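1. Sequence plus the predicted model coming up.
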Amino acid sequence: MKTIRAGLVAIALLALTPAPAHAVTDHDLAFHWAPVHYQDTDSSDYDADYLSTVDFDGDWNTLNNWENQPQLAKLTGAAYYSVTETSTHWFLVYGFYHPRDWDDQPDPFGTRTHENDLEGILLAVRKDAGFGKLEAAITVAHSDFYSYTPAGSPYTNGSETIDGTLLLSNGRPTTFQEAKGHGLYRWNGAEFPGGDGVVYVPATTGEVPSNGNDRSVDYRLVNILDANGMWARRNNTETFASFGTFRGDNGKDNAAHAPWGWDDQNDGPIYRGYLATDPAAVFDRYFENKGTFSLTYTRNAFR
């Protein structure tokens, strides 16, 4: 009888013990922090500013993406992501792809336009038992990086000056991307230049904007590190002209870059591709007053 009673007590105690927290998946983590994305559009060719994927046209041949961009029904909203981590932080890359970096004026010498365009944002999220706490962000705008912190972040200026406050929308970071050239920055809360633009929001599937001034369009997330994804194809010459550089022959040849090819032109010993391959080193140099901050990766598929 004593044995049965003891067993019942043990079962009762187990029932009262909280279940251990399940580790969040990369997709769940990426979805939780996926930006509300303000995409400016130019009325001379609205759909040339719509988001899509590198293989939006059904193949990975990046030499035909400029030509296939007008296939409007295929321009379903999407953003790329990847997750790396140390013992203290998750580092999340988001990349927003367009088939064209374009201009509404002729570019006969290929100096202002190019085929394919991928610019993005890197987040530093302090780990906890849930989805963590967002502490800082760095965006990619052409050959420059811009750094931001959300309100309440302890981070201060490091080797780079913080460029502004990262605004949140329902807990998500907000981003702004230019029309035509697609440089990416934080959203500053203002109306779109010219008054028209597309607001993309993360969802399970992507949508095509109804027009160039659609204020709620779903975009889906695509893992850069998927088995048959962009990183897996890094040495495939159908897609890449060289490591981290897409093939392209409209405008300036081979001018667009994957995250492991992103580079700031003047940030010292933060080398090409570090936003993907060594994000902890980037944040460590760009910011001070970070508290406990590990530089040792527990998981980084780019290394």
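-> Received the coordinates, thanks. Numbering: from 1, shown residues only.
2. any idea which element the spatially most central residue of the chain lies in?
-> Centroid-nearest residue in the chain, with CA atoms, centre = their mean: Tyr94, separated by 0.9 Å. Using DSSP states H and E, Tyr94 sits in strand 89-101.
3. any idea which helix or strand comes after that strand?
-> strand 114-126.
4. Does anything pack onto the strand holding Tyr94? Which helices or strands?
-> When contacts are defined as 3 or more CB pairs under 8 Å, 6 or more residues apart in numbering; DSSP states H and E, strand 89-101 sits against helix 26-33, helix 65-68, strand 78-86, strand 114-126, strand 172-177, helix 279-286. To be clear about C-beta, it is placed using only N, CA and C from the backbone, and glycine gets the same treatment.
5. can I assume the residue nearest to the centre of the chain is in contact with Ala78?
-> No - using CB atoms under 8 Å as the test, Tyr94 is too far from Ala78 to be in contact (10.8 Å).
6. ok, now which ones touch Thr139?
-> Going by CB atoms under 8 Å, 6 or more residues apart in numbering, Thr139 touches 119-122, 145-146, 148, 175, 184-186.
7. cool, and Tyr286?
-> 136, 138, 147, 158-160, 267, 270 are the contacts of Tyr286 under CB under 8 Å, 6+ apart.
8. re earlier: in the sheet, which residues pair with the residue nearest to the centre of the chain? Tell me.
-> Note on Tyr94: beta-bridge partners Tyr81, Ile121, judged by DSSP bridges.
9. try Tyr38
-> Phe176, Val199.
10. Could you report the separation of it from Asn116?
-> To Asn116, Tyr38 is 22 Å away according to CB to CB, to the nearest Å.
11. do the same with Ser153
-> Distance from Ser153 to Asn116, by CB to CB: 33 Å.
12. The two: which has the busier surroundings?
-> A side-by-side neighbour count of Ser153 and Asn116, using other CB atoms under 10 Å, places Asn116 first with 25 against 21.
13. where does that one land on pLDDT?
-> Reported pLDDT at Asn116 in the predicted model: 98.
14. Which residue, other than its chain neighbours, is closest to it?
-> Closest residue in space to Asn116, ignoring its immediate chain neighbours: Ala256 at 3.8 Å, by CB to CB, 6 or more residues apart in numbering.
15. Contacts only, for that neighbour.
-> Contacts of Ala256 (CB under 8 Å, 6+ apart): 101, 114-118, 245-246, 248.
16. what about 6 Å?
-> 114, 116-118, 246, 248 (CB atoms under 6 Å, 6 or more residues apart in numbering).
17. Do I have it right that Gly273 meets Trp260?
-> Yes - shown here, Gly273 and Trp260 form a contact pair, counting by CB atoms under 6 Å, at 4.1 Å.
18. shared neighbours of those two, which are they?
-> In contact with both Gly273 and Trp260: Gly244, using CB under 6 Å, 6+ apart.
19. What helix or strand is the nearest residue to Ser87 once chain neighbours are set aside located in?
-> Leaving aside its chain neighbours, Ser87 sits nearest to Ser294 (4.7 Å; criterion: CB to CB, 6+ apart). Here Ser294 is covered by no helix or strand, with elements defined by DSSP H and E.
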